[in-house]
Every structure is written in C-alpha cells, then in structure tokens.
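> need a structure here:
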Amino acid sequence: MSDARSRTTPAPDLRPLDDDLLDLAHRHAAAWLGTLPERPIPPRAGVEEVMDALGRELPEHGEPADAVIDRLAGGAEPGLIAIGSPRFFGWVIGGTQPVALAADWLVSAWDQNSGLRTITPGAVAAEEIASSWLLDLLGLPAGSDVGFATGATTAQFACLAAARDEVLRRVDWDVEEQGLGGAPRIRWIAGAERHGTMDLAARYLGLGSPTAVASDDQGRIRADALAEELARGEGPAIVALQAGNIHSGAFDPFAEACRVAHDAGAWVHVDGAFGLWAAASPRLRHLTVGLADADSWSTDAHKTLSVPYDCGIAIVRDSAAMRHALSMHASYLQATDVGADPHEKVAELSRRARGIPTWAVLRHLGREGIAELIDRLAGSARIIADGLAGLPGVEVLNEVVFTQVCIALKDDSATEALSTALWEDGEVLAMTSRWHDRAVVRFSVSNWGTDAAQARRTVDAVARVLGGLRATGR
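Numbering: from 1, shown residues only. As a prediction, this is how the structure comes out:
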C-alpha cells in the first residue's frame, strides 16, 4: 500500500526558492506600484469577477508556481483599490514607503516567528530599537513597554487588558486567578466622539459599553464633564482619551483630563491611531500637551508612518501590568530572563516580525524626516481645506488642526452625490460619513506621497467633479 502511494504522490520540492519566481513576483509588484500615481483609485472588478479569474474549483492537479503567480497577479489586479495613491483619502490609510516595503519583503523571506526574544534575536533586536525610538519621538516614558500588534483595535485590546487587570488588582481582585465573574464593576468611561474600535476592544475584554462623556463641537472630551462623571461613583475606573478625532482631527485636553482621572484613581488610555504622531513634530506638538501623563497609548504605524499593513502599536507605562495581563508560559517555550518576550506585550504568541518595517522607516527618515512627514500631511490637509472652502456651495465643517478635513454641501443628498461622483471619476477618493447629524465627505490625509502639489490637484479634481454635477443637475 505504501509503495503504491509513493508512486502516485509527487514528492515535495525541497529546493530553495527559485530566483526566477521572486523575479516574477517583483515584476508584477513593480508594475502595480508604477500605476499608483495615475491609475483610477476604485477597483474595476468585484469579488465575483475576481473569483472567476482566480478559478473557483480546487484543482485535482497543481499548477506550476510561475503560472500561479501570473494567475494571482492578473486575476486580482482588477479588484485592487489604489490605496497607495497620493489622492486616496477614503480612510486613514497611509500607503507604503518604499523602504518599509523592501523591509517587509525581507520579513516575509526571513519568516521569523518573533514571539520569543532569545530564539529570534535578529527580529527582536530591530523591534526593541524601534520601540525605544518611538518612545523618544513621541515623548513617552522611557521605561514603557511597547508591543507590535495587528492594528489599533488589537493595540487598544492589549492596553485595556493591562488596564482592566491592574485597576481590579488595586481592589484585591486577580483576573488571572478569579476571572471576571463576581469582580467589582469597572467604570469604563470615554468621550462621546470616541472611535468605535475603543468599544470593540472593550467588548472583547468584558467591559461592556462605555459611559459617554460630553464632547465639544470638535469632538474633544470636556474635562469638566469627565470630572462630574467620575464624581458620581467610586471604585476601579478606566478613562479613554483621544489623539485625533476621526472627523475633525481634534485632540482631547490631555493634561486636564489626565489630572481629573488620576485624582479619581482611574487608569487613562489614549487612542492615538493616527494623531499620536503629532507629538513627533515640533510644529504640532502643542496639540499633545499632557499626553505623557496617561498610563497607556495605542497607535498605528500603518497610518501616519506609512508602513505596510499590518502594524499597530500598544504602549503601556507599567510594564509589569502589561506582561501580567498578556503573558503565558510553558516549559517548551524558552522564555527570556532579561526584559520581556514580544508575546507578553500583545495578544499573540505566534506573530510576524511587523516591527521591522517600522525600524526601517524610522532609520531611513530620522527625527527630522519624521517631523517633515507629519508636517507635510498636516500642511496638505490645510491646502485641501482652504481650496475646497473656496468652491461654491462647499462648507468645511471642522477646525483643521491636523490631517482631517470634513466638508458638506447644501444638503445630505448633494453631499452623498459628490462622494459617489468622485468614486466614479476615480482621480480622488473621499468617502461619506455622518458628523453632527449631517452627511459629510471626509478627506483623511494619510499617504506619505500627498504633498502640496497633490493637495492642489485634489482641489482641482473636486472642482471639476462638482462642475459636472451642476451641469447634469445631479
């Protein structure tokens, strides 16, 4: 029986990866990247069309590797959205800097499972250097622990896990041993205009929905309202603040809010998915005054810093709290006695070495280059806002302090028609949302290639599309 099976089953190919195959993938990747500056941004094909092109049935006999790569590149390309375009403003997505992309290709080739410090020192060393540089750039406490997660949601999860366990430990409840059943209730408090991923991360942790505290007209939490809410009760509490409102880009009053929260014994977390990076710019650092007074922070490198997807960053001042909440140990895992293993800082034991592209961008740009990148994005947002405000019928709704621009037309239907027309035109992509009970078109300036020229081109494209809408009576 075994002899017959050995005659009909092909032996695995144990040769090193064929250089020609990597060259083929490189040619397809270069062709895609070369189209990004000018190609229409929306995809040209839907899911069903791409499935047809890729082939829906599992083949009985495999295809040659080069044919598979050709099929993938040719079949998927019409269904790809040009996220890397310098005129992509649909969501807060940063595109990919070339140095980060090249580093990420090495990460894939090296294929290091970077959960253990002493087992994959090449990967962990780069991540630990990047961690220390990040704390320095953002003005956060030098002894904080830094974990590289999949995105803002899982980074928030890591931070809130540390927060949950620590505030309960302060009232003599050990979540690790006792679970949450019967635990003292945690007062979970956040601003009314928090990002929805805060709610999602808290839901994963059994915290329930937060008590919403009033915000001002730009979405900044009101410190007086926070104080009033905290005064209504006692016991363990977690307060979430925000660096960069998703609609206005506004920053919470960190110094005052942290003081109020800490006076009540609360843990303070800052969701800074894209806005935390303002702390690295001397021009914009004033927006983050008091930021370092918090207890934990989360951000994304795949947003403002423009590394490939995915890379969220979880930062916790109390390293013991982070490790207590997230670590696990087993005899077969060769845990380190110095520092902490990477898996003790995120909710993953097995994980890609996603901090390496972050190291590459930081090393490539340096302190001045990072500041210039952030200033360029904020400056481009200002150019877009000023230009759109000068178009007939366009109203800019927010105070443009960072990288977000929200506009509206005379009514919701006109605003939504503009977004649809931009999608159909393809030169600029900006998506609708709702803010202050109005439909808005939101421009999130996050791509490293969006400079003043691209910002002006964006204004011209919107003006042209608006003119077309008026000409057709839409």
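> any low-confidence regions in the stretch 151-300 of the chain?
Nowhere does the stretch 151-300 of the chain drop to pLDDT under 70.
> Quick one: the strands in it, in order.
Ranges of strands within the stretch 151-300 of the chain are 187-191, 211-213, 237-242, 267-271, 296-300, based on DSSP state E, counting those that start in this stretch.
> wait, which of these is closest to Val405?
Counting by C-beta to C-beta, Val405 lies closest to strand 237-242 out of those; the figure is 17.8 Å. The C-beta positions use only the backbone N, C-alpha and C, and glycine is treated the same way.
> mind listing what the closest one pairs with, with the direction of each?
If you go by DSSP bridges, strand 237-242 pairs up with strand 187-191 (parallel), strand 267-271 (parallel).
> For the closest residue to Thr150 other than its chain neighbours, grab the count of nearby residues.
In this structure, Thr150 finds its nearest non-sequential neighbour in Asp310, 4.6 Å apart by C-beta to C-beta, 6 or more residues apart in numbering. Residues near Asp310, counting by other C-beta atoms under 10 Å, number 15.
> Tell me which residues touch Asp310, please.
Applying C-beta atoms under 8 Å, 6 or more residues apart in numbering, we find Asp310 in contact with 150-151, 302, 354.
> my guess is Asp216 contacts Ala223, does it?
No - counting by C-beta atoms under 8 Å, Asp216 does not reach Ala223; the two are 10.2 Å apart.
> Between the two, which is the more surrounded one?
Neighbours were tallied for Asp216 and for Ala223 using other C-beta under 10 Å; the higher tally belongs to Ala223 (20 against 16).
> what's the closest non-adjacent residue to that one?
Per C-beta to C-beta, 6+ apart, closest to Ala223 is Glu256, 4.1 Å.
> From Pro210, how far off is that neighbour?
19 Å (C-beta to C-beta, to the nearest Å).
> which one's the longest helix in this protein?
In the chain, assigned by DSSP state H, the helix with the most residues is helix 355-389.
> which one of the strands of the stretch 151-300 of the chain is the most hemmed in?
Mean neighbours per residue, mean count of other C-beta atoms under 10 Å, is largest over the strands of the stretch 151-300 of the chain for strand 296-300, with a mean of 30.
> Strand partners (parallel or antiparallel) of that strand?
Strand 296-300 pairs in its sheet with strand 267-271 (parallel), strand 312-316 (antiparallel), by DSSP bridges.
> ok, back up a step: out of the contacts of Asp310, grab the one that's most surrounded.
Highest neighbour count within the contacts of Asp310, by other C-beta under 10 Å: His302, with 29 neighbours.
> Can you name the residues that contact Ile189?
Applying C-beta under 8 Å, 6+ apart, we find Ile189 in contact with 210-211, 213, 226, 229-230, 237-240, 266.
> no no, Leu418
Leu418 makes contact with 409, 441, 462, 465-466, 469, according to C-beta under 8 Å, 6+ apart.
> can you do 10 Å?
393-394, 407-409, 430, 432, 439, 441, 462, 465-466, 469, 474 (C-beta atoms under 10 Å, 6 or more residues apart in numbering).
> Could you single out the nearest of those residues to Gln178?
Thr432 (46.0 Å).
> So that closest one sits against Ala439, correct?
Yes - counting by C-beta atoms under 10 Å, Thr432 touches Ala439, with 5.8 Å between them.
> Now do the shared contacts for the two.
Residues touching both Thr432 and Ala439 by C-beta under 10 Å, 6+ apart: 408, 412, 415-419.
> which of these tops the neighbour count?
Among those, Leu418 has the most neighbours (other C-beta under 10 Å), with 24 neighbours.
> Show the backbone phi and psi for that residue.
Main-chain dihedrals, Leu418, degrees, to the nearest 10: phi -60, psi -50.
> measure it to Ser85 for me?
Taken as C-beta to C-beta, the span from Leu418 to Ser85 is 18 Å.
> Can you verify my assumption that Val289 contacts Ala279?
Yes - assessed by C-beta under 10 Å, Val289 is found in contact with Ala279 at 9.4 Å.
> Overlap of the contact sets of the two?
Residues within reach of Val289 and of Ala279 at once, by C-beta under 10 Å, 6+ apart, are 139, 251.
> if you count what's nearby, which of the two comes out ahead?
Shown here are Val289 and Ala279; by other C-beta under 10 Å, Ala279 has more neighbours (24 against 15).
> For the spatially closest residue to Leu365 that is not a sequence neighbour, give me its contacts.
Closest residue in space to Leu365, ignoring its immediate chain neighbours: Leu373 at 6.4 Å, by C-beta to C-beta, 6+ apart. Leu373 is in contact with 94, 97, 277, 280-281, 304-306, 361, 365, 448, counting by C-beta under 10 Å, 6+ apart.
> Quick one: buried ones out of these?
Buried members of those, counted by 16 or more other C-beta atoms under 10 Å: 94, 97, 277, 280-281, 304-306, 361, 365, 448.
> Save these as CSV, and put in distance to Val107 too.
Output for the buried ones among the contacts of Leu373, formatted as CSV (distance: C-beta to C-beta, whole Å):
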residue, distance to Val107
Gly94, 18
Gln97, 15
Trp277, 22
Ala280, 24
Ser281, 28
Thr304, 20
Leu305, 16
Ser306, 16
Val361, 13
Leu365, 19
Trp448, 19
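> right, and Ala321 touches Ala162 too?
Yes - with contacts counted by C-beta under 10 Å, Ala321 reaches Ala162, the gap being 4.4 Å.
> where's the dip in pLDDT among the contacts of Leu418?
Minimum pLDDT for the contacts of Leu418 is recorded at Arg474 (71).
> Quick check: the gap between Gln112 and Gly355.
In terms of C-beta to C-beta, Gln112 sits 11 Å off from Gly355.
> what do those two both touch?
123-124.
> When these two are compared, which one has more neighbours?
Counted by other C-beta under 10 Å, Gln112 and Gly355 do not tie: Gly355 has more neighbours, with 28 against 18.
> List the residues that contact the closest residue to Lys345 other than its chain neighbours.
Closest residue in space to Lys345, ignoring its immediate chain neighbours: Gly147 at 2.9 Å, by C-beta to C-beta, 6+ apart. By C-beta under 10 Å, 6+ apart, the contact list for Gly147 reads 127, 131, 154-155, 158-159, 162, 298, 312-316, 322-323, 326, 340, 342-348, 351, 355.
> which SSE is Gly147 in?
With elements taken from DSSP states H and E, the one containing Gly147 is strand 145-149.
> about what we covered before: and of the strands paired with strand 296-300, who's closest to His247?
Smallest distance to His247 across the strands paired with strand 296-300 (C-beta to C-beta): 14.2 Å, for strand 267-271.
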